[in-house]
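1. this one's sequence-less:
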């Protein structure tokens, strides 16, 4: 069973999700990704931003630490 994923930003999302959701819609409009791909991208972006809401702090980590974190 799949979980419902909002196709646009919600009030509970990180502020960056709105712009990313609009970008994903542009990819759909251009025929570059499917709706399923958009939902997957937004689900993963939300998970990442829930875990790391301060991107500036995360980007200050050494590259090997960030890559290791992304693999988890």
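-> Done, it's in. What you are looking at is a predicted structure, and each value in this text was computed from that prediction instead of being measured. Numbers count the residues shown, from 1 in each chain.
2. And the helices in this protein?
-> Using DSSP state H, the helices of the chain run over 15-29, 35-51, 55-59, 63-71.
3. I'd like to know which of the ones you listed is closest to residue 9.
-> helix 15-29 (3.7 Å; CB to CB). (Each C-beta comes from the backbone N, C-alpha and C, glycine too.)
4. buried ones in the closest one?
-> For helix 15-29, a neighbour-count test (16 or more other CB atoms under 10 Å) marks 17, 20, 21, 24 as buried.
5. The residues you listed: which two are farthest apart?
-> So, the buried residues of helix 15-29 by CB to CB: farthest apart are 17 and 24, at 9.9 Å.
6. returning to what we had before: can you redo the helices of the chain as TSV with mean pLDDT?
-> Converted to TSV, the helices of the chain look like this (pLDDT from 0 to 100):
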stretch	mean pLDDT
helix 15-29	93
helix 35-51	93
helix 55-59	95
helix 63-71	92
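7. in stretch 64-72, what counts as buried?
-> Per 16+ other CB under 10 Å, stretch 64-72 contains no buried residues.
8. neighbouring contacts of that stretch?
-> Contact partners of stretch 64-72, identified using CB atoms under 8 Å, 6 or more residues apart in numbering, comprise 58, 59, 61.
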